[in-house]
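Novice: here's my sequence, what's the structure:
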Amino acid sequence: MQATGLTFGVPLATLRWFAGNIKGKKAPKDVEITSTPPALRFSAVVDAMGTPVRAAASIKIDEVTISEESLRIGVRLRDVKLSLAGESESPVATLIQSGALDLSKPGNLVKFVPKKPPAVVEAEGDRIVIDLMKVPKLANDPRVKRILGVLSPVLGIRAIETDRDHLWIKLRATPAGLPEAIGKIRKNGAAK
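Specialist: The predicted structure is shown next:
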């Protein structure tokens, strides 16, 4: 942690450990996480409509906007690759083998997914924006709204980048937002 720069790092080994411990039938398998500064490179075997597919992409977070009502994360996906992780004759396998998918613009593909998750609020070109506050479980949790209401006036995220071994999160402090944050703490304390 670099206190003066409001920057802290998460070792990539920690991310790999968490990814390796994800459990569940639909959880990604054989997850690999490496750095391609300033991005992260993810690779995993996922179930695509019953077809095991190895998916890989370089992921760069280019926007994080936090407010009481919104937690938006803008992601750029580059070098997207899909390959079959086994033999299959499914429609998904046929589509991947044909090379008909334009993986250079994954946002355009996501934009036309019929049942996309409610958290996906924008998708265009190589960029996808998700708003975690569109996830009903988070949106309906009053604690999450209270925490965001107190933190968002005084603390934000300037950038998320990588180097060889770490994911670096660079925070932005806004001292001018302190009165608003204190007011929300008082309001939340009185509401209990």
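Novice: use CA for all of it now, contacts and neighbours both
Specialist: Fine.
Novice: can you give the strand pairings for the strand ranked longest in the chain, parallel or anti for each?
Specialist: Of all segments of type strand in the chain, defined using DSSP state E, the longest is strand 51-66. According to DSSP bridges, strand 51-66 has the following sheet partners: strand 39-48 (antiparallel), strand 71-84 (antiparallel).
Novice: alpha carbons of the one helix or strand residue 10 maps to, in CSV - could you do that?
Specialist: Using DSSP states H and E, residue 10 sits in strand 7-11. Extracted in CSV, the C-alpha atoms of strand 7-11 (Å, rounded to 0.1, in the frame of the first residue of the first chain):
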residue,chain,number,x,y,z
THR,A,7,-2.7,3.1,-4.2
PHE,A,8,-2.8,-0.5,-3.1
GLY,A,9,-1.9,-3.7,-4.9
VAL,A,10,-3.5,-7.1,-4.9
PRO,A,11,-1.0,-9.9,-5.8
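Novice: packing partners of the helix-or-strand element of the chain with minimal mean pLDDT?
Specialist: Least confident element among the helices and strands of the chain, by mean pLDDT, DSSP states H and E: helix 178-191 (a mean of 82). When contacts are defined as 3 or more Cα pairs under 8 Å, 6 or more residues apart in numbering; DSSP states H and E, helix 178-191 packs onto helix 142-151.
Novice: for the closest residue to residue 39 other than its chain neighbours, give its distance to residue 22.
Specialist: Closest residue to residue 39 in three dimensions, ignoring its sequence neighbours and counting by Cα to Cα, 6 or more residues apart in numbering: residue 60, at 4.5 Å. From residue 60 across to residue 22, the span is 22 Å (Cα to Cα, to the nearest Å).
Novice: who has more neighbours, these two?
Specialist: Using other Cα atoms under 10 Å, the more surrounded residue of residue 60 and residue 22 is residue 60, with 22 against 13.
Novice: which ones are touching that one?
Specialist: 38-40, 75-77, 160-161 (Cα atoms under 8 Å, 6 or more residues apart in numbering).
Novice: check what pLDDT it gets.
Specialist: Looking at residue 60, its pLDDT reads 97.
Novice: quick check: the gap between it and residue 36.
Specialist: Applying Cα to Cα to residue 60 and residue 36 gives a distance of 9 Å.
Novice: overlap of the contact sets of those two?
Specialist: Counting by Cα under 8 Å, 6+ apart, residue 60 and residue 36 have no shared contacts at all.
Novice: does residue 28 touch residue 45 like I think?
Specialist: Yes: counting by Cα atoms under 8 Å, residue 28 does reach residue 45; the two are 5.6 Å apart.
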